[in-house]
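> below: sequence and its predicted model.
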Amino acid sequence: MNLSISKVVALGAAACVGVLPALHGVRTENLVHQGFDQFVKGKFENVGLTFDGRIFPSPGLEEFATLSSPIVWQVREMPDGSLVAATGNNGTLYRVDGEGKESVLFQPEEPLSRALHVDAEGRIYVGTSPKGRVYRILTDGTQEVFFDPEDLYIWDIREGPDGFLYIATGGKAKVYRLPADYRYGDKTQTVFEGSESHVNVIAFDRDGQMVIGTGPGGTLYRVDADGKSYALFSSGAEEIRLLHPTDDGSIVFGTFSTKNTPSGDAAATAQKAPGTEGDGGEINPFQMTVYAGAPAELNGLFRLTVGGFVEPVWVLSPHKVFSATPLADNRWLVGSGTDGRLFRSEGGVEWSNLLAVPAGGEITQLLPMTRVDATVSADAAPDSTAGSDGVSDNVGRDPGISNTDSGFYVVSSNPGRIYKMAGAVAESCVYTSEVMDAGRTVAWGSLRHLSGMGLFDNHLKVSTRSGNVSDPNRSWSDWLPLEQGRIVSPNSRFLQYKVEIEAAHPGIQRIQAYYQEQNLAPEVGDIRILPGAYRLFAQPRPAQNINLSSVIRGGSDAALSAGAQRIPQLVPEKEEGAVTAVWMASDSNGDRLLFDLDIRKIGDPSWIRVVSEIPEPVFAMDIRGLDEGYYQVKIRADDRLDNLPERAASFDKESDPFLIDFTSPQVELQSLTTEGGIAIAKVVVTDQFGVISNAYYSVNGEQVLRSLPDDGLFDQTSETFTVVFDLIPGRDNSLVFQAYDENDNVGLVTRSIPGGE
């Protein structure tokens, strides 16, 4: 084989003008966990997380009671220290004794018990829906229908400072006032009737005036002693569910919404609140578990000041407020509907995710303990101006809390649980991370943690486990403690860490796990052989603006370097007798690659090296010295630039066969007959290697017309064509026929037809 090596090398050098962006080779990488958004994905066991991403020991949480109903709407503490719980689904009213054991206290006909009140004598009032009734359970266990209005829903029962019972209803948005000596069937007084569908919650301000929250539309009203109502604020949310008037005259309220944008007055009144009747009069007893990505301003805790201005107390999208209670120093506990997370507002913009209940779900109530418990340091005493039931949820004014955040029942739904939150920090405080993914199997190195005590302090116990499936299961390794700061878990793709924190520890702010990938061989994809010579040109990208927030969120290196990247493109440099090999290549480790190119004729046992160690996946070759026939090229890619010799890897890929053919097809006019002014020419075209790909003819130098083979297909190295055309009488005529093979070699035949023929 006569291979023109010198010419091939010259063309190859011309093809290497462009410069591709440099890639990074195998190196030590790391995975970092820091900030609230990353840490919040882990598992919390008596640990909290501040808004700026510090994990800290939190108050102890003890599971006190497991209820048969998954939905717990209200819990009240009885004078003897037991609890009574109103639930959804079947509307069952449970008593929970001091040991956390439940018993059925009352089973109403209606499926939803939403409103609950316990008076000073221990009598229980429970409001049910959708056939709105209020039942009373006396201290001797006697059960009776106490109040049976025409309304469909009973949403709240509240004892006012005047000793009367106030009952909020849905369907017609009314508030009824019942005297202390009310008996079933007595005349009642309607003290509020709104244009909305539901009065969700009642409270009384420091002056004894009634404050109510409605839905849909989320409007806050004040009703004076004369029964005149005044709209204080229209939130645009679907409901106002929580109300907490304060001693300074302001009103803290919680909004709830499932829609995405605030509604105007007209739109608000047309909406239906969660848990209300549908077109068929049916209800969803726990609609609040539906989430639709509502913006933060429609779901949060807000304060209406004495001057009538509204300011946020706690708003954190996409979390919805399900319960709230005040703490000392203008702080608040907020129960959310996401994974059972309990937040603490520190005032201003600071807040923390104080803990998460183990079973998850929604925190539907936060109830201060009014009795000293052996397992809970309960410094929480009811405020002297609070209602007689001392409730801290959404029923009137709430008890103030002393300087310790202790002594709470934390009530959750889905599943139904009651927890005790202690005042002291728990003995066992453990944070378990979400699973880290290195993308492939790696060797793990050190794990560094940054805290208020610096790096690798002795007040943390850190262990890890690893595996090769995304969800930890039996196939994962056991938990293993770090050894001198190094991860000893087996090589794997996935890693999880667990941190045990001592009670006095200031908290963790950053976790960084180091690893190194195994060097993987590069890959070569499709190889194409293009006719002609091409070179690679790296065209600069157009100038672009760099968004500052993208730099901050995504890291400055990636965002800033994007403006400097160059786009590699092929630029044709047509040269007769040349072909260009182009190929796709990649390296999983991001290593820089070098390429070798070999060539051989089909049937030859040996490869001949054309060029070595070129950095670009394109090479132009002069093939004019080669024998005609079918050939292959072989591309070898290796990553030795970025690896030690013993770790470098390579990959070989052969191209599909391609044809080198310099010879024009043979075009023969096999016959030509004329009759009646019409000529019929038979043309045979033959090529040694290439398939005939096209044919054209022209008569008398006029329009060039395409000719098809007699069998209609260009699929052979020999084809027969029939050309029929009219002769011009009285003059000589001419025929030109040309044919192409698949390498665009052209052959032709011409014939002059004298006028006499």
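Noted; the coordinates are in hand. Residues are numbered from 1 along each chain as shown.
> so where's this structure shaky on pLDDT?
Low-confidence segments of the chain, defined by pLDDT under 70, span residues 1-26, 259-297, 371-406, 452-458, 537-568, 574-575, 756-757.
> now with 50?
Applying pLDDT under 50 to the chain picks out residues 1-10, 12-24, 260-261, 263-296, 372-405, 556, 558-565.
> output the longest strand belonging to it.
strand 436-451 (DSSP state E).
> can you pull the buried residues of that one?
For strand 436-451, the neighbour count (16 or more other C-beta atoms under 10 Å) marks 436, 438, 441, 442, 444, 445, 446, 447, 448, 449, 451 as buried. For glycine as for every other residue, the C-beta is placed from the backbone atoms N, C-alpha and C.
> and stretch 119-128, by the same measure?
Those buried within stretch 119-128 under the rule 16+ other C-beta under 10 Å are 119, 124, 125, 126, 127, 128.
> these in strands, which ones?
Short answer: those in strands (DSSP E) are 124, 125, 126, 127, 128.
> does the second one touch residue 113 like I think?
No. Contact criterion C-beta atoms under 8 Å: residue 125 and residue 113 do not qualify, at 10.8 Å.
> name the SS class of residue 307, please.
Three-state call for residue 307 (DSSP: H, G, I helix; E, B strand; the rest coil): coil.
> that one: neighbour count?
Residues lying near residue 307 (other C-beta atoms under 10 Å) number 7.
> and for residue 486?
12.
> got the contact list for it?
445, 446, 447 (C-beta atoms under 8 Å, 6 or more residues apart in numbering).
> now with 7 Å, please.
Applying C-beta atoms under 7 Å, 6 or more residues apart in numbering to residue 486 gives the contacts 445, 446.
> then the helix or strand containing residue 721 to CSV, C-alphas only?
Assigned by DSSP states H and E, residue 721 belongs to strand 718-726. The C-alpha coordinates for strand 718-726 follow below in CSV (Å, rounded to 0.1, in the frame of the first residue of the first chain):
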residue,chain,number,x,y,z
SER,A,718,-23.2,-0.9,-13.2
GLU,A,719,-26.4,0.7,-14.4
THR,A,720,-28.3,0.9,-17.7
PHE,A,721,-30.1,4.1,-18.8
THR,A,722,-32.5,4.7,-21.6
VAL,A,723,-32.8,8.3,-22.9
VAL,A,724,-35.5,9.2,-25.4
PHE,A,725,-35.5,12.7,-27.0
ASP,A,726,-36.9,14.6,-30.0
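> quick one on the thing from earlier: what is the longest strand of the chain packed up against?
Judged by 3 or more C-beta pairs under 7 Å, 6 or more residues apart in numbering; DSSP states H and E, strand 436-451 is in contact with strand 28-34, strand 460-467, strand 492-501, strand 508-517.
> swap the cut-off to 10 Å and go again
Using 3 or more C-beta pairs under 10 Å, 6 or more residues apart in numbering; DSSP states H and E, the elements in contact with strand 436-451 are strand 28-34, strand 55-57, strand 460-467, strand 492-501, strand 508-517.
> roughly how far is it from the heart of the chain?
Averaging C-alpha positions (C-alpha atoms, centre = their mean, to the nearest Å) puts strand 436-451 23 Å from its chain's average.
> that strand vs strand 28-34, what angle?
When axes from the mean of the first three to the mean of the last three C-alpha atoms, to 10 degrees is applied, the directions of strand 436-451 and strand 28-34 differ by 60 degrees.
> how big is the angle separating strand 436-451 from strand 492-501?
Going by the same axes, to 10 degrees, strand 436-451 makes 30 degrees with strand 492-501.
> which of the helices and strands packed on strand 436-451 is buried the deepest?
Mean neighbours per residue, mean count of other C-beta atoms under 10 Å, is largest over the helices and strands packed on strand 436-451 for strand 55-57, with a mean of 24.
> just the buried positions in whichever helix or strand comes after that one, please.
The helix or strand immediately downstream of strand 55-57 is strand 59-66, counting by DSSP H and E. Using 16+ other C-beta under 10 Å as the test for burial, strand 59-66 gives 59, 60, 61, 64, 65.
> what are the ranges of the strands in the stretch 301-450 of the chain?
Under the criterion DSSP state E, counting those that start in this stretch, strands of the stretch 301-450 of the chain are mapped to 310-314, 321-326, 332-336, 341-345, 351-356, 362-368, 408-413, 417-425, 429-432, 436-451.
> got the angle between the third one and strand 417-425?
Read it as strand 332-336. Using the same axes, to 10 degrees: strand 332-336 against strand 417-425 is 140 degrees.
> again, but for the last one
For strand 436-451 against strand 417-425, the angle between stretch directions is 40 degrees (the same axes, to 10 degrees).
> quick one: neighbours of residue 300, just the number.
By other C-beta under 10 Å, 25 other residues sit near residue 300.
> start at 477, not 1
With 477 as the first residue, the last one maps to residue 776.
> what residues are bridge-paired with it?
Residue 776 has these beta-bridge partners by DSSP bridges: residue 731.
> shared neighbours of residue 601 and residue 589, anything?
611, 630 (C-beta atoms under 10 Å, 6 or more residues apart in numbering).
> now the terminal residues of stretch 1212-1225, how far apart.
Start-to-end span of stretch 1212-1225 (C-alpha to C-alpha, to the nearest Å) is 6 Å.
> buried stuff in it?
1213, 1214, 1215, 1216, 1217, 1218, 1219, 1221, 1223, 1224, 1225.
> which helices and strands does the helix or strand harbouring residue 560 pack with?
Assigned by DSSP H and E, residue 560 belongs to strand 559-563. Secondary-structure packing of strand 559-563 (3+ C-beta pairs under 10 Å, 6+ apart): strand 535-542, strand 548-553, strand 569-572, strand 578-582, strand 588-594, strand 600-605, strand 884-889.
> ok, that strand: who's next to it in the sheet?
strand 548-553 (antiparallel), strand 569-572 (antiparallel).
> comparing these, which comes out most buried?
strand 548-553 comes out most buried of those by mean count of other C-beta under 10 Å, with a mean of 24.
> from residue 1095, how far out is residue 599?
93 Å (C-beta to C-beta, to the nearest Å).
> I meant to write residue 1128 there.
Distance, residue 1128 to residue 1095, using C-beta to C-beta: 16 Å.
> sorry, back to before: adding distance to residue 657, write the helices and strands packed on strand 912-927 out as JSON lines.
Formatted as JSON lines, the helices and strands packed on strand 912-927 follow (distance: least, C-beta to C-beta, whole Å):
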{"stretch": "strand 504-510", "distance to residue 657": "62"}
{"stretch": "strand 531-533", "distance to residue 657": "52"}
{"stretch": "strand 936-943", "distance to residue 657": "63"}
{"stretch": "strand 968-977", "distance to residue 657": "57"}
{"stretch": "strand 984-993", "distance to residue 657": "60"}
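> nearest to residue 1144, out of the ones you listed?
strand 984-993 (64.0 Å; C-beta to C-beta).
> which secondary structure elements does that closest one sit against?
Here strand 984-993 touches strand 504-510, helix 512-515, strand 523-526, strand 531-533, strand 912-927, strand 936-943, strand 968-977, going by 3+ C-beta pairs under 10 Å, 6+ apart.
> adding distance to residue 1167, write the buried residues of strand 912-927 out as CSV.
Output for these, formatted as CSV (distance: C-beta to C-beta, whole Å):
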residue, distance to residue 1167
912, 57
914, 51
917, 49
918, 51
920, 58
921, 59
922, 63
923, 64
924, 66
925, 69
927, 74
